[in-house]
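Enquirer: this one's sequence-less:
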């Protein structure tokens, strides 16, 4: 049995729903499929294996058809396509195997922060704000004769909350 190229789209959606691909990864993978799909003939559209076997010829056609794109970008699309095919063969052909798919956790920390290139100019979009962050709830009310704003600290005690409620209740005529 051969799997159609369009099965890869369904696989990406299934993997996303099962938290194997984050949303941005799934969208990037689908973009790669769309770009390559335009270059496939009818036989290749009917067989993922044929796409994988003919990837170099398909890639050459893709490069010729997308002269405005950089080779780095096109190589990225190719790597993404091959990743989807690999994952599909491993987990998509038999959806029960999806459960055994262990994803790598992304590291977050100083190593993941990209630095600006030294030759880039730093652009200031607005003046810096030197006010501390408000640690309170702001409630704004539209009244018949204007507006009122109530600011209540986030760490309010039960006693203070009852006092504020009583004050507000007393205002109701």
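Expert: Here it is on my side, so go on. These figures come from a predicted structure and were not determined experimentally. Numbers count the residues shown, from 1 in each chain.

Enquirer: Report the central residue of this structure.
Expert: For the chain, the residue nearest the mean C-alpha position is residue 24 (2.8 Å; CA atoms, centre = their mean).

Enquirer: Now it: phi and psi?
Expert: Dihedral angles of residue 24 (phi, psi; degrees, to the nearest 10) stand at phi -70, psi -40.

Enquirer: count of neighbours near residue 101?
Expert: Residue neighbour count, defined by other CB atoms under 10 Å, stands at 13 for residue 101. In this view, the C-beta of every residue, glycine as well, is placed from N, C-alpha and C.

Enquirer: you'd agree it is up against residue 88?
Expert: No - between residue 101 and residue 88 there is no contact under CB atoms under 8 Å: 11.5 Å.

Enquirer: And the helices in the chain?
Expert: 7-17, 23-37, 42-45, 48-53, 55-65, 71-87, 158-171 (DSSP state H).

Enquirer: Could you name the helices and strands sitting against the worst-scoring helix or strand of the chain on mean pLDDT?
Expert: The least trusted helix or strand in the chain, going by mean pLDDT, DSSP states H and E, turns out to be strand 136-143, with a mean of 74. Strand 136-143 is packed against strand 146-153, with contacts defined by 3 or more CB pairs under 8 Å, 6 or more residues apart in numbering; DSSP states H and E.

Enquirer: tilt between the strand it packs on and strand 136-143?
Expert: Using axes from the mean of the first three to the mean of the last three CA atoms, to 10 degrees, one finds that strand 146-153 and strand 136-143 are set 160 degrees apart in direction.

Enquirer: So what are the sheet partners of strand 146-153 and their directions?
Expert: Note on strand 146-153: by DSSP bridges, its sheet partners are strand 136-143 (antiparallel).

Enquirer: quick one: the partner strand to chain centroid distance?
Expert: Between the centre of strand 136-143 and the centre of its chain there are 34 Å (CA atoms, centre = their mean, to the nearest Å).
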